[in-house]
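Enquirer: I need the structure of the sequence given here:
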Amino acid sequence: MGTDKGMLMKEGYTWAEYMEAKLTLLNLKTYISINSSQFIEYGRFFSPKALIPDQVDVRGPLCGLLSAHLRFPKKDIIVVPCDMVDLDTSLLQRLLNIRRQIVHADAYLYGQTGFTEPLCAIYTASGLRKLCVAYDGGNSTDFSVRRATESLNTVYLPLPENTLDFRNYNTPDCIL
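Expert: A predicted model of the protein is given here:
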């Protein structure tokens, strides 16, 4: 994107604030995963207690997920990226409902053969412990969130008809 996506604006709010509001509608406590260089900027919009700086040496969203687990090792974590601004909150509610019904999985996410969305998902504390063990054990070569979910006992929810809900905005021309 060439800029911090969480600080892009939508309807008068940063994308990070916009996505936080979606989670707040579901009565979920929210935290923002950041790298240490973003602390001051995000501190202008969020309480320092709501910010989770990266704590592990792995690239991409998996770094934020594992860092959040290290901060809250006994908590399940629902993950939503700041650039998925078209996501309907009903899809998050479906994830929460399935998590309540099927309790013995490591992760809950939307997917089908050839496509999964591991960044709109719930990861259980036990599933995240498995990922940390794999990471600590040196199995972190090409260790992406998508690849990591392959090693977990995952419940896949069917994708909604409108897959624009899962659109990630990764280039400036996407948001014009």
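Enquirer: Every contact and neighbour count from this point should use C-alpha atoms.
Expert: Noted.
Enquirer: Listing partners with orientation, what would you give for the longest strand seen in the chain?
Expert: Ranked by residue count and defined by DSSP state E, the top strand of the chain is strand 115-123. Partners of strand 115-123 in the sheet, by DSSP bridges, are strand 77-79 (antiparallel), strand 107-112 (antiparallel).
Enquirer: Just send those back as JSON lines, with mean neighbour count and distance to residue 122 too.
Expert: Compiled in JSON lines, the strands paired with strand 115-123 are given as follows (neighbours: other Cα atoms under 10 Å; distance: least, Cα to Cα, whole Å):
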{"stretch": "strand 77-79", "mean neighbour count": "21", "distance to residue 122": "4"}
{"stretch": "strand 107-112", "mean neighbour count": "22", "distance to residue 122": "5"}
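Enquirer: For the residue nearest to the spatial centre of the chain, give the beta-bridge partners.
Expert: Per Cα atoms, centre = their mean, the C-alpha nearest to the average position across the chain is that of residue 79, at 2.6 Å. Using DSSP bridges, the bridge partners assigned to residue 79 are residue 121.
Enquirer: That one and residue 12: what is the separation?
Expert: With distances taken as Cα to Cα, to the nearest Å, residue 79 is found 23 Å from residue 12.
Enquirer: Same check on residue 63?
Expert: For residue 63, the distance to residue 12 - Cα to Cα - is 29 Å.
Enquirer: Give me the more crowded residue out of these two.
Expert: In terms of neighbours (other Cα atoms under 10 Å), residue 63 is the more surrounded of residue 63 and residue 12; the figures are 22 against 9.
Enquirer: Can you name every helix or strand that the helix or strand of the chain with the lowest mean pLDDT contacts?
Expert: Scoring the helices and strands of the chain by mean pLDDT, DSSP states H and E places helix 145-150 at the bottom, with a mean of 78. Other elements packing on helix 145-150 under the criterion 3 or more Cα pairs under 8 Å, 6 or more residues apart in numbering; DSSP states H and E are strand 115-123.
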